[in-house]
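>>> predicted model follows, preceded by the sequence.
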Amino acid sequence: MEMHEQLIHARALQIAAELRIGDLLADGPRTAADLATATDTHTDALYRMLRMLAARGVFTETDPGCFALTDLGAPLRSDHPYSVHATLAFGGATAQVFLDSLHSVRTGEATFPTTFGTSFFDYLAGHPEHGDLFNAAMREMSRPMLRAVLDAYDFSYARRIVDVGGGNGSLLSAILRSTPDSRGVVFDAPHVAEAAQEKLRAEGLADRCSVVGGDFFHTAPEDGDLYLLKWILHDWPDDQAATILRGCRNAMAPDGRVLIIEQVIPPGDTPHPGKTMDFSMLTLVNGRERTEEQFATLLADADLRLHRIVPTASPLSLIEAVSA
């Protein structure tokens, strides 16, 4: 029953993010009536939702009808260093797909196209407000993991690093700041590459990092010593993921490497967030998280060999591959 009730708590948390309750409480406690006016909601209904979340430790009722953020709830603020505001708000925007996810269980296919009438990524392209929210959510989820990745792997050997599907360049920027002798390429769809160019200029890295627009199902920038794939392969079923890897394999320098940054699902009943993410990827895009054995098979299909798996202090692991 506790697990069942988590659906209700999660939805209330998404609504709190959509209403920006965290930002409204940034300067201190406010009454439910005041918050209802600011969010155009019903005072008593909002109070009852906040009271429920306060019982979970997200808020605290400092006086009758008056609420403040707790340390647990502080990441609801959009300006918090480990904010989850966009992640929760985007989850609210797409929550219906999980209510419909019996479709995935019955068919083994993504539910998102059935619920929204188009694929996940086409939906984001056609709804820029949700696309922006999704991109912000990806930045939020990546932020606490960047340090763990940098601490776990020595990037200094790579003179030319290609970040495949590199988004706005946050990962590659962090790596280049820690490896002053390396140069980089952010490779992504043309409209995404423009945002990366702006970030690299702002970071003072435009002279060490170029931006290339293209399609990673067809090609990849050539002669890289290291090809990064962070949260890319889990978007795709095995045949398409192997195509992406094959493009990296064909483009890389003779002694180049591929570094996949994703979660590795442990065997048995071991708790791991990758098992939840795996079902989410199935439901949203027909992708998947993978076990070590599944990564090895996938890499072999792309003429690559699993060299080692490097754990990090986060749920992410670094799957390093070399030419077969």
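Looks like it came in fine. Note that the structure is predicted; figures quoted are calculated from it, not measured. Numbering: from 1, shown residues only.

>>> quick check: the gap between the closest residue in space to Glu320 that isn't next to it in sequence and Thr114.
Spatially, and ignoring its direct neighbours in sequence, Glu320 is nearest to His307 (4.7 Å; C-beta to C-beta, 6 or more residues apart in numbering). Just so you know, the C-beta spots here come from the backbone N, C-alpha and C atoms, and that holds for glycine as well. Per C-beta to C-beta, to the nearest Å, His307 is found 39 Å from Thr114.

>>> hmm, who's touching stretch 23-33?
Applying C-beta atoms under 8 Å, 6 or more residues apart in numbering, the contact partners of stretch 23-33 are 35, 38-39, 43-44, 46-47, 50, 59, 62-63, 65-69, 76-79, 85.

>>> that one - what's its average pLDDT?
Averaging pLDDT along stretch 23-33 yields 98.

>>> could you list the buried residues of that stretch?
Buried residues in stretch 23-33, counted by 16 or more other C-beta atoms under 10 Å: 23-25, 30-32.

>>> gap between stretch 291-302 and the chain center?
22 Å (C-alpha atoms, centre = their mean, to the nearest Å).

>>> list the contacts of it.
233, 238, 241-242, 245-246, 248-249, 258, 260, 264-267, 290, 305-306, 309, 319, 321, 324.

>>> how does it look with 10 Å?
If you take C-beta atoms under 10 Å, 6 or more residues apart in numbering as the criterion, stretch 291-302 is touched by 233, 238-239, 241-250, 258, 260, 262, 264-267, 274, 278, 288-290, 304-307, 309, 317, 319, 321-322, 324.

>>> could you tell me which residues make contact with Arg159?
Arg159 makes contact with 179, 181-184, 223-226, 253 under the criterion C-beta under 10 Å, 6+ apart.

>>> which among the residues you listed end up buried?
Buried members of the contacts of Arg159, scored by 16+ other C-beta under 10 Å, are 179, 182-184, 224-226, 253.

>>> span of stretch 210-229 from start to end?
Using C-alpha to C-alpha, to the nearest Å, the end-to-end distance of stretch 210-229 comes out at 17 Å.

>>> same question for stretch 307-315.
End-to-end distance of stretch 307-315 (C-alpha to C-alpha): 20 Å.

>>> Arg147 and Leu316, how far apart?
11 Å.

>>> out of those two, which sits in the busier spot?
In terms of neighbours (other C-beta atoms under 10 Å), Leu316 is the more surrounded of Arg147 and Leu316; the figures are 24 against 13.

>>> so how many other residues sit close to the residue nearest to Thr39 when sequence neighbours are not counted?
The spatial neighbour of Thr39 that comes closest, neighbours along the chain excluded (C-beta to C-beta, 6+ apart), is Leu19 at 4.4 Å. Neighbour count of Leu19, defined by other C-beta under 10 Å: 21.

>>> go ahead and confirm Leu19 touches His42.
No - in this structure, Leu19 is not within contact of His42 by C-beta atoms under 10 Å, at 12.0 Å.

>>> which residues do the two both contact?
36, 49.

>>> hey, which helix or strand in the protein has the poorest pLDDT?
Between all helices and strands in the chain, the lowest mean by mean pLDDT, DSSP states H and E belongs to helix 190-202, at a mean of 83.

>>> quick check: the gap between Met52 and Leu13.
Met52 sits 10 Å away from Leu13, going by C-beta to C-beta.

>>> strands along the stretch 1-150 of the chain, start to end?
30-31, 59-63, 66-69 (DSSP state E, counting those that start in this stretch).

>>> who does the first one pair up with?
Right, strand 30-31. Strand 30-31 pairs in its sheet with strand 66-69 (antiparallel), by DSSP bridges.

>>> only C-alpha atoms, please: export the strand it pairs with in CSV.
What follows is strand 66-69 as a C-alpha-only set of coordinates in CSV (Å, rounded to 0.1, in the frame of the first residue of the first chain):
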residue,chain,number,x,y,z
CYS,A,66,1.5,28.4,6.8
PHE,A,67,4.3,26.4,5.1
ALA,A,68,8.0,26.6,4.6
LEU,A,69,10.5,24.5,2.7
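
>>> got the buried residues for that strand?
Neighbour-count burial for strand 66-69 flags 66-67, 69 (criterion: 16+ other C-beta under 10 Å).

>>> what does stretch 281-300 give?
By neighbour count on 16+ other C-beta under 10 Å, the buried set for stretch 281-300 is 281-290, 295-296, 298-299.

>>> so what's Arg183 bridging to?
Arg160.

>>> start to end distance for stretch 172-192?
Termini of stretch 172-192 sit 15 Å apart (C-alpha to C-alpha).

>>> after the least confident helix or strand of the chain comes which helix or strand?
If you walk from helix 190-202 toward the C-terminus, the next helix or strand you reach (DSSP states H and E) is strand 209-213.

>>> what packs against that next one?
Under the contact criterion of 3 or more C-beta pairs under 10 Å, 6 or more residues apart in numbering; DSSP states H and E, strand 209-213 touches strand 160-164, helix 170-178, strand 183-188, helix 190-202.

>>> farthest residue from the center of this protein?
Pro64 (38.1 Å; C-alpha atoms, centre = their mean).
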